[in-house]
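> give me a model of this one.
(2 chains)
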Protein chains: 2
Amino acid sequence: MNEMGLIMKIIQMVGYKDSGKTTLINYFIEAFNKDNYRVATIKHHGHGGQPLGIENTDSETNRQAGAVASAVEGDGLLQLSLNKNNISIENILFFYQQLAMDFVFIEGYKKIPFPKILLIKDQAEIALLEEIEKTVCILDRNETISSSLNIPVFHHAEELLSYLKADLTQFADF
Amino acid sequence: MNEMGLIMKIIQMVGYKDSGKTTLINYFIEAFNKDNYRVATIKHHGHGGQPLGIENTDSETNRQAGAVASAVEGDGLLQLSLNKNNISIENILFFYQQLAMDFVFIEGYKKIPFPKILLIKDQAEIALLEEIEKTVCILDRNETISSSLNIPVFHHAEELLSYLKADLTQFADF
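Residues are numbered from 1 along each chain as shown, chains lettered A, B, ... in the order given. The predicted structure is shown next:
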């Protein structure tokens, strides 16, 4: 339990490339931030390749020399680089818990078992529903879904946010 | 205690800019790595400004939206960015402990209370000895020290490494 007396709450955003996952997460961060919650994120870099901007840094030379983890601090920001085979999503969640986070938004990682918001751009993408578990609701910005589904479908991020805030048990506890 | 049955060991490298701290740390990483130890680093980015290479990344947009922490994974590397005022060196060390690290090399942070190796480029820099606590030994690559001191002075990284490996109690336990 963290400073707000709240168990850390986790939810995932899942969808194809350009479905608006990062935009939705940024919208959620701002909204929960306004309520003074501490928010953290975990993202799977889906485009292939390593996260941008790590070449030629000292932390990268540490890593090439064989360091499993390196942290660099400067000007109010701390950046930690770790070899993925030495760390799990759970390690990161424990770390976030230690840092008293209230909410964690996870982008991608279709296979991990947290409640999910599915973002779709067109009707065909609803097929993703079959591939993933624990879908809480769908964000269908283009109003592309014509069939009726067993879970709530929203067309605007604002409605989706209100729906989730009204019942935080829709998030996973950690 | 970690997988090797060893308490996590910490030592700092302190010295002015261009005194060879990063080079020494990379040398140590390789040496301890060869012995199958898990090594991590923490660096204070002394040149001013934020660590390089974070602009225009999704994790940076998360941070600008108000996220306290953001993690991005891709291709075997995980990169975590945190607002410094929400995290302490101790938080990072606890995280490293959770990841079963054997050795942590810290670059910079003159004021924190771990054993230190002082690197100097010229005689005048010995003045740093007065400013810092818990100096274990000095690396004086240019053989610039003429006065006699109460602590060991080495001219080569190899000798320094042997000296430390022969007695690991010279590192701090965590």
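> do whichever helix or strand residue A:82 is part of and chain B meet?
For residue A:82, the host element (DSSP states H and E) is strand A:77-83. Yes - Strand A:77-83 lies within reach of chain B by C-beta under 8 Å from any C-beta of the partner chain, at A:77, A:78, A:79, A:80, A:81, A:82, A:83. To be clear about C-beta, it is placed using only N, CA and C from the backbone, and glycine gets the same treatment.
> ok, which stretches of chain A are helices?
A:21-34, A:58-65, A:89-98, A:128-131, A:157-166 (DSSP state H).
> okay if I get these as a markdown table plus mean pLDDT?
Shown next, in a markdown table, are the helices of chain A (pLDDT from 0 to 100):
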| stretch | mean pLDDT |
| --- | --- |
| helix A:21-34 | 95 |
| helix A:58-65 | 78 |
| helix A:89-98 | 93 |
| helix A:128-131 | 94 |
| helix A:157-166 | 97 |
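> kindly reformat these as TSV containing distance to chain B and mean neighbour count.
Converted to TSV, those look like this (distance: least, C-beta to the nearest C-beta, whole Å; neighbours: other C-beta atoms under 10 Å in any protein chain shown):
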stretch	distance to chain B	mean neighbour count
helix A:21-34	4	20
helix A:58-65	4	20
helix A:89-98	5	18
helix A:128-131	20	13
helix A:157-166	13	15
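> okay, these in CSV with distance to residue A:108 next?
What follows is the helices of chain A, written out as CSV (distance: least, C-beta to C-beta, whole Å):
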stretch, distance to residue A:108
helix A:21-34, 7
helix A:58-65, 23
helix A:89-98, 11
helix A:128-131, 12
helix A:157-166, 18
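> nearest the geometric middle of chain A, what residue?
residue A:106 (1.6 Å; C-alpha atoms, centre = their mean).
> quick one, what contacts that one?
A:10, A:11, A:12, A:13, A:41, A:42, A:43, A:89, A:112, A:114 (C-beta atoms under 8 Å, 6 or more residues apart in numbering or on different chains).
> any idea what sits nearest residue A:80, other than its immediate chain neighbours?
Excluding the flanking residues, the one nearest residue A:80 by C-beta to C-beta, 6 or more residues apart in numbering or on different chains is residue B:80, at 4.0 Å.
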